[in-house]
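Colleague: Using only what follows, build the 3D model:
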Amino acid sequence: MKNDKNKIVYSGIQPTGILHIGNYFGALKNFVVLQNQYKCYFTIVDLHSLATNFDPKEKLKQIMSLAMDYLAIGLDPKRCTIFVQSHVPEVAELAWIFNCITPIKELERMTQFKDKALRQKKNVNMGLFDYPVLQAADILLFKAGLVPVGEDQVQHVELTRDIAKWFNARFGETFSLPEALLTESPRIMSLTEPLHKMSKSMGEKSYIALTDDAKTINEKISKAVTEPSGVIDEKKIKDNPGMMGAYNLLEMLRLLGNKKQYDRFRKMKKISYKDLKKAVAHELADHFELFRKHRAVLEKSPAKVQKILEIGARSARLEAVKTIEEVRKKIGIR
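Modeller: Presented below is the predicted three-dimensional model:
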């Protein structure tokens with residue numbers, strides 16, 4: 001990946017509670033690498049999170065918790081801009097302007113809306129439907145050229161490009177077209193339901209939280225679903241929960257970087273799942289030990305974390321105001 005500080009990267013995570021290792025391997029690990037290669041904006045997308053079922057009493061705690069996760073995992077406010085989405089009101093203004101040029105039929109094509117609507121059938125709100133437009137405003141407000149996403153989010157980046165084209169065609173050249181940055185984004189599966197992606201909605205025993213201590217990790221991994229034969233057939237893992245569960249543990253070992261252990265288990269004709277689970281639990285506890293220590297320090301200094309977010313918001317708004325002033329002038333409401 002080329003080192004180019006002139007290229008702008010934008011990405012964010014919703015503050016919805018504890019992060020798990022799926023969040024780490026899917027996003028946070030890449031964020032830490034990207035901050036050394038590009039000009040990066042990493043945000044806590046609290047406005048997006050309002051479209052889900054949430055408790056107002058917990059939202060501020062969740063925002064602060066995610067900020068601590070960002071910092072503890074290695075994001076450096078001297079190398080990237082970290083801020084809370086709602087602290088930059090220009091995002092919402094630009095989203096409304098984009099709403100006025102985005103055809104409804106384009107939003108109806110978004111597959112993630114259908115998936116999210118199924119998960120919260122009693123709260124299928126306009127925020128879920130309009131999520132991609134707010135995301136486009138996030139990206140284009142900062143003139144981002146690269147958006148690190150998994151394959152499931154590529155459709156949203158394509159819509160962002162379309163919105164930029166529609167705006168440019170109607171009001172004059174304003175936005176460049178961002179590109180999806182497809183970094184490695186492995187799917188970590190649930191420990192209890194291995195045919196499904198790891199998710200907090202499946203219960204505490206289904207995921208490894210970044211804050212879990214060694215004892216908790218060992219207990220959860222020891223009870224992870226595997227199949228009895230000790231043989232993994234990669235042609236059958238999509239239909240076999242136990243086989244996928246065992247394969248998932250092997251993938252964790254690979255992603256954690258212990259190639260020697262990974263190769264040893266892969267070469268076994270019959271795997272001892274007890275030994276595999278012990279190895280994975282040890283690697284997980286060791287890998288996130290420094291994160292847990294850093295986070296414990298940050299938990300004692302919430303004012304410091306809040307200050308970082310305030311500085312980040314001020315820095316982000318300097319760029320946001322420039323863009324929104326340009327947009328206002330183009331559409332005639334300045």
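Colleague: all contacts plus neighbour counts: C-alpha atoms, from now on.
Modeller: OK.
Colleague: Low-confidence ranges, the chain, go.
Modeller: Residue ranges of the chain with pLDDT under 70: 1-6, 113-115, 117-118, 120, 185.
Colleague: mind giving me the domain ranges of it?
Modeller: 8-187+302-331, 200-291 (automatic domain parsing).
Colleague: from the middle of its chain, how far away would the shortest one be?
Modeller: Which is domain 200-291. Distance of domain 200-291 from its chain centroid, counting by CA atoms, centre = their mean, to the nearest Å, is 22 Å.
Colleague: Endpoints of that domain, how far apart?
Modeller: With CA to CA, to the nearest Å applied, domain 200-291 spans 20 Å between its terminal residues.
Colleague: Look up how far Lys143 lies from Lys330.
Modeller: From Lys330 to Lys143 the distance is 16 Å (CA to CA).
Colleague: Lys329 too?
Modeller: According to CA to CA, Lys329 and Lys143 sit 17 Å apart.
Colleague: The two: who's more crowded?
Modeller: Neighbours per residue, other CA atoms under 10 Å: of Lys329 and Lys143, the larger number sits with Lys143, 21 against 12.
Colleague: Surely that one is in contact with Ser176?
Modeller: Yes. Using CA atoms under 8 Å, Lys143 is in contact with Ser176, at 6.9 Å.
Colleague: what about Gly241, how many neighbours?
Modeller: Small correction: residue 241 is Pro, not Gly. Using other CA under 10 Å, the number of residues around Pro241 comes to 20.
Colleague: List the contacts of it.
Modeller: Contact partners of Pro241, counting by CA atoms under 8 Å, 6 or more residues apart in numbering, are 193-195, 225-227.
Colleague: Could you pick out the buried ones from these?
Modeller: By neighbour count, with 16 or more other CA atoms under 10 Å, those hold 193-195, 225-226 as buried.
Colleague: Report the two members of those residues separated by the largest distance.
Modeller: The distance between the two most remote of the buried ones among the contacts of Pro241 (CA to CA) is 11.5 Å, for Leu195 and Thr226.
Colleague: Quickly list what's touching both of these two.
Modeller: Counting by CA under 8 Å, 6+ apart, the shared contacts of Leu195 and Thr226 are 241, 244-245.
Colleague: Show me these that map onto helices.
Modeller: Counting by DSSP state H, the shared contacts of Leu195 and Thr226 place 241, 244-245 in helices.
Colleague: Using CSV, lay out the residues you listed together with distance to Glu158.
Modeller: Conversion of these to CSV gives the following (distance: CA to CA, whole Å):
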residue, distance to Glu158
Pro241, 34
Met244, 32
Gly245, 33
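Colleague: Near Ala51, how many other residues are there?
Modeller: When counting by other CA under 10 Å, one arrives at 18 neighbours for Ala51.
Colleague: Secondary structure class of it, three-state.
Modeller: At Ala51 the chain is in coil, as set by DSSP: H, G, I helix; E, B strand; the rest coil.
Colleague: Next up, the contacts around the closest residue to it other than its chain neighbours.
Modeller: Among residues not flanking Ala51 along the chain, Gly127 sits closest, at 5.0 Å (CA to CA, 6 or more residues apart in numbering). Listed by CA under 8 Å, 6+ apart, the contact partners of Gly127 are 48, 50-51.
Colleague: Okay, and Gly127 sits in which element?
Modeller: helix 126-141 (DSSP states H and E).
Colleague: Kindly report the same for Glu326.
Modeller: According to DSSP H and E, Glu326 maps onto helix 302-331.
Colleague: Check the offset of that helix from the chain's centre.
Modeller: 21 Å.
Colleague: In it, which residues are buried?
Modeller: Neighbour counts using 16+ other CA under 10 Å place 305, 308-310, 312-313, 315-317, 320-321, 323-324, 327, 330 of helix 302-331 among the buried residues.
Colleague: Thank you kindly, that will do.
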